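structure here, sequence nowhere to be found:
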Ligand code: ADP
């Protein structure tokens, strides 16, 4: 069985969030069972040095041809292909800059999707595994041309749908007969995610809970009805993490390596972390939050709760990248409170040190398809405090006997969030129990092995 896994981001080449982590770890975990390679765009900020030029061809969208060059790299026994194309490869970021999303993202990712289909044909793959709206058009192009390739489409976050004006159809090479409610039409506009849902052979989202949630009005982002129509092919498969990269015993970003038998070395990281910040006193409980600064992640709830939260004898360190509005709020709060520091931006190394140093991770997501932070945190003996939603519901339990033990609150409001923090502080006072729970969490299996087996079953089923 030959599979090509297509994603707009793959760690470490380009990353904006969890999708890159998944696109890194999942194909590696599937290598044992299937012949799998990956494909992503070659963005303007990426170098071709160290890559091999392997293919060049032309694709055509709405009568305009685009020259595609494919580069490849083989690393850790897996081939990754990089598509270099006009528009797609000229940008310095993945999706946009400080002025917002790039205006031509419809065409950029249509070029990518068509390039992926051509590459899949050249490689002779049986299955094309597509991820999120950036690759969704490939499912339509394959059905439209009646090609002998099966498609799996994974939705990592339904909130991002790739919605464009009607004129977009004329640019992306899609016939107007696909502009109807069972295909791309969405309130008079073009919705690229719908192409993936409508035309894939198997549909997946990243937890069983989220698979149910997105069929409801509350979480359906306007597509709940359409997902109910397509539920016969919808599956929920929980993500995992790359346990080689996120391993406190070998993590090169940490000052002190540690494992479950050397939690005192975790504390040494904390001392170091606090020393290099504006925070004081490593003996205080350290809460961290590492996130994109968007409403999904509960940033508004954190802002609302801040004055009460910071009255407690705790330290809070937030690493976040996001818009000016929310960032300015956190900047002001960090000027006001000396037990709160805000690092604005994206920093892989700092995030690893934060996971390793903290006592607790705050993850009060409004919704969370799967979430990776909570699994990473537990691997570093940091207990997650989560809202009971989506994948968090399947990976964190307020039960000291469970694998994946943390603090869980049910209703998304300030009171429940602050009560959860109180429970966390109380738990930490019992050092013996706290350490036992942390040691147990470190041993949990957060690898992609189970998910890889489920995906392999899905592949087999659609090839029958
Ligand atoms: P999402 O994909 O919705 O952003 P996930 O929980 O699935 O959320 O994955 C987030 C990933 O991105 C984790 O690896 C997390 O550590 C990382 N991350 C998020 N924001 C930052 C940041 N500002 N700096 C460093 N890493 C970050």
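That came in fine, so what should we check first? Source: prediction; values computed, not measured.

confirm residue 55 sits in a strand?
Yes - if the criterion is DSSP: H, G, I helix; E, B strand; the rest coil, then residue 55 is within a strand.

residue in this structure nearest to the ligand?
residue 18 (2.2 Å; CB to the nearest ligand atom). Where C-beta positions appear, they are placed from N, C-alpha and C, glycine not excepted.

so who does that residue touch?
Residue 18 sits next to 156, 239, 370-372 when contact means CB atoms under 8 Å, 6 or more residues apart in numbering.

please identify the buried residues of whichever strand or helix holds residue 108?
Element membership for residue 108, per DSSP states H and E: helix 105-123. Buried residues in helix 105-123, counted by 16 or more other CB atoms under 10 Å: 105-121, 123.

for residue 40, see how far away residue 245 is.
18 Å (CB to CB, to the nearest Å).

give me the more crowded residue out of these two.
A count of neighbours by other CB atoms under 10 Å puts residue 40 above the other of residue 245 and residue 40, at 26 against 18.

quote the end-to-end distance of stretch 81-90.
The first and final residues of stretch 81-90 sit 17 Å from each other (CA to CA, to the nearest Å).

show residues contacting that stretch.
With CB under 8 Å, 6+ apart as the criterion, stretch 81-90 contacts 4, 13, 37-44, 46, 48, 51, 54, 66-73, 104, 107-109, 111-112, 115-116, 119.

show me which of those residues are buried.
Buried among those by 16+ other CB under 10 Å: 4, 13, 37-43, 46, 51, 66, 68-71, 104, 107-109, 111-112, 115-116, 119.

the lengthiest strand in the chain - what's its average pLDDT?
Longest strand of the chain, by residue count under DSSP state E: strand 64-75. Across strand 64-75, pLDDT averages out at 97.

what about the helix or strand just after that strand, average pLDDT?
Once the chain leaves strand 64-75, the next helix or strand it forms, by DSSP H and E, is strand 78-84. Confidence over strand 78-84 (mean pLDDT, whole number) is 98.

ok, then the element right after strand 78-84?
strand 96-97.

relative to that next one, what are the paired strands and their orientations?
strand 100-101 (antiparallel) (DSSP bridges).

helices of the stretch 201-350 of the chain, start to end?
With DSSP state H, counting those that start in this stretch as the criterion, the stretch 201-350 of the chain has helices at 208-213, 224-229, 263-275, 299-311, 324-336, 348-357.

near the ligand, which residues of the stretch 151-300 of the chain?
157, 290-292 (CB under 6 Å from any ligand atom).

farthest from the middle of the protein: give me that residue.
residue 63 (35.0 Å; CA atoms, centre = their mean).

which stretches of the stretch 101-250 of the chain form strands?
127-131, 150-155, 163-164, 185-186, 189-191, 202-205, 234-236 (DSSP state E, counting those that start in this stretch).

the helix holding residue 108 vs strand 78-84, what angle?
If you take axes from the mean of the first three to the mean of the last three CA atoms, to 10 degrees, helix 105-123 sits at 130 degrees to strand 78-84.

quick check: which element contains the nearest residue to residue 30 once chain neighbours are set aside?
Nearest non-adjacent residue to residue 30, counting by CB to CB, 6 or more residues apart in numbering: residue 452, 4.5 Å away. Element membership for residue 452, per DSSP H and E: helix 449-463.

give me the contacts around that helix.
Here helix 449-463 has contacts from 1, 3, 26, 29-30, 32-34, 126-127, 129, 150, 152, 201-202, 204, 235, 237-240, using CB under 8 Å, 6+ apart.

what's the angle between it and strand 150-155?
140 degrees.

helix 449-463 and the ligand, any residue contact?
No - Helix 449-463 stays clear of the ligand (CB under 6 Å from any ligand atom), getting no nearer than 13.4 Å.

now that helix: buried residues?
Using 16+ other CB under 10 Å as the test for burial, helix 449-463 gives 451-452, 455-456, 458-459.

stretch 302-320 now?
Those would be 302, 305-306, 309-310, 312, 314-320, for stretch 302-320 by 16+ other CB under 10 Å.

out of these, who's nearest residue 282?
Closest approach to residue 282 among the buried residues of stretch 302-320 (CB to CB): residue 315, at 8.3 Å.

how near is the closest residue to residue 207 other than its chain neighbours to residue 19?
In space, and not counting its chain neighbours, residue 207 is closest to residue 391: 3.7 Å by CB to CB, 6+ apart. Residue 391 is 14 Å from residue 19, where distance means CB to CB.

what about the two, which has more around it?
More crowded of residue 391 and residue 19, by other CB under 10 Å: residue 391, with 27 against 24.

pretty sure the more buried one sits in a strand.
No - membership of residue 391 in a strand is not supported by three-state DSSP, which gives helix.

what pLDDT does the model give it?
98.

so it touches residue 209, yeah?
Yes - applying CB atoms under 8 Å, one finds residue 391 in contact with residue 209, separated by 6.6 Å.

how is the chain partitioned into domains?
For the chain, automatic domain parsing gives the domain ranges 2-240+449-463, 263-442.

to residue 249, which of those domains lies closest?
domain 263-442 (9.8 Å).

report the distance from the closest one to the chain centre.
18 Å (CA atoms, centre = their mean, to the nearest Å).

just the residues contacting the host helix or strand of residue 362, thanks.
Using DSSP H and E, residue 362 maps to strand 360-363. Contacts with strand 360-363, where a contact means CB under 8 Å, 6+ apart, come from 285-291, 297-298, 302, 316, 355, 371, 373-374, 377, 382-387, 392, 407, 421, 424, 428.

ok, now with 6 Å
287-289, 373-374, 377, 382-386, 424 (CB atoms under 6 Å, 6 or more residues apart in numbering).

any idea of the mean pLDDT in that strand?
On average, strand 360-363 scores 98.

and what of stretch 32-39?
In the prediction, stretch 32-39 has an average pLDDT of 96.

which residues does it contact?
1-6, 27, 30, 79-81, 116, 456.

select only the buried ones of the residues you listed in ChimeraX?
Provided next is the ChimeraX selection string for whichever of these are buried by 16+ other CB under 10 Å:
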select :3,4,5,6,27,30,79,80,81,116,456
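
thanks again, I'm all set now.
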